[in-house]
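A.B. asks: sharing a sequence plus its predicted fold:
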Amino acid sequence: MSRRTMKIALSVSIVLNLFILGAATGAYFWQGARQPPRQSGQGFAAAAEALEPAERQAFRQALAKARREAQPDSQAARDARDTLARLLNEPELDRKTIDAALEAARNADTKVRAHVEEAVVDFAESLDPASRTILIQGLSRRGQILPRDPVPGDTKK
């Protein structure tokens, strides 16, 4: 093999290796970007992170059951929001109909929230005081049901 042929082969090899390295790096970062972020800091279920695994699982099951039971109200809220979107896209706005759709969506959302919150309180009722304190801390950190960082036993407002 001549010296010139060796230089060409070496150059082609370097370019090919850089291309493969770049493709592998791009694929690695692209795959990482496609993975959904962890949802650990959101929702009622996240409030139970610090509970024992069995209690955490029971809490998630209670939430799932409450959401299933509230499904008709969830659907009513979605339907009301769909109606609202349709009404807002019409050339002439009918304020009374829009207000009625807003009220229907609000009422359905309130029913869903009430159902889930009742399930949370029912579950809290079943816990021992130490586990209940852990759940309370989780709920207050996220501002769900309870104000953020309440002072236990504080009766002042």
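C.D. replies: Ah, there it is.
A.B. asks: the helix or strand encompassing Asp82: how far from the chain's middle?
C.D. replies: Assigned by DSSP states H and E, Asp82 falls within helix 71-88. With CA atoms, centre = their mean, to the nearest Å as the basis, helix 71-88 stands 20 Å off its chain's centre.
A.B. asks: can you give the contact residues for it?
C.D. replies: 67, 93-94, 97-98, 101-102, 104-105, 108-109, 111-112, 115 (CB atoms under 8 Å, 6 or more residues apart in numbering). Every residue, glycine included, has its C-beta placed from N, CA and C.
A.B. asks: counting neighbours, which bits of it end up buried?
C.D. replies: 73-74, 76-77, 80-81, 83-84, 87 (16 or more other CB atoms under 10 Å).
A.B. asks: now stretch 119-130
C.D. replies: 119-120, 123-124, 127.
A.B. asks: could you export those as TSV, including pLDDT and distance to Gly22?
C.D. replies: Converted to TSV, the buried residues of stretch 119-130 look like this (pLDDT from 0 to 100; distance: CB to CB, whole Å):
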residue	pLDDT	distance to Gly22
Ala119	92	51
Val120	90	50
Phe123	92	51
Ala124	91	53
Leu127	91	54
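A.B. asks: of all the residues you listed, which two lie farthest apart?
C.D. replies: Ala119 and Leu127 (13.3 Å; CB to CB).
A.B. asks: so for stretch 5-14, mean pLDDT?
C.D. replies: For stretch 5-14, mean pLDDT is 89.
A.B. asks: need the contact partners of it.
C.D. replies: Met1.
A.B. asks: now it, how far from the chain's geometric center?
C.D. replies: 53 Å.
A.B. asks: helix or strand for Phe123, which one?
C.D. replies: helix 95-125.
A.B. asks: elements contacting that helix?
C.D. replies: Under the contact definition 3 or more CB pairs under 8 Å, 6 or more residues apart in numbering; DSSP states H and E, helix 95-125 sits against helix 53-69, helix 71-88, helix 129-141.
A.B. asks: which of those helices has the lowest average pLDDT?
C.D. replies: helix 129-141 (a mean of 86).
A.B. asks: list the buried ones in that helix?
C.D. replies: 131, 134-136, 138-141.
A.B. asks: cool, stretch 6-13 as well?
C.D. replies: Quick answer for stretch 6-13: no buried residues (16+ other CB under 10 Å).
A.B. asks: do stretch 60-67 as well
C.D. replies: 60, 62-63, 66.
A.B. asks: please consider this matter closed, and thank you.
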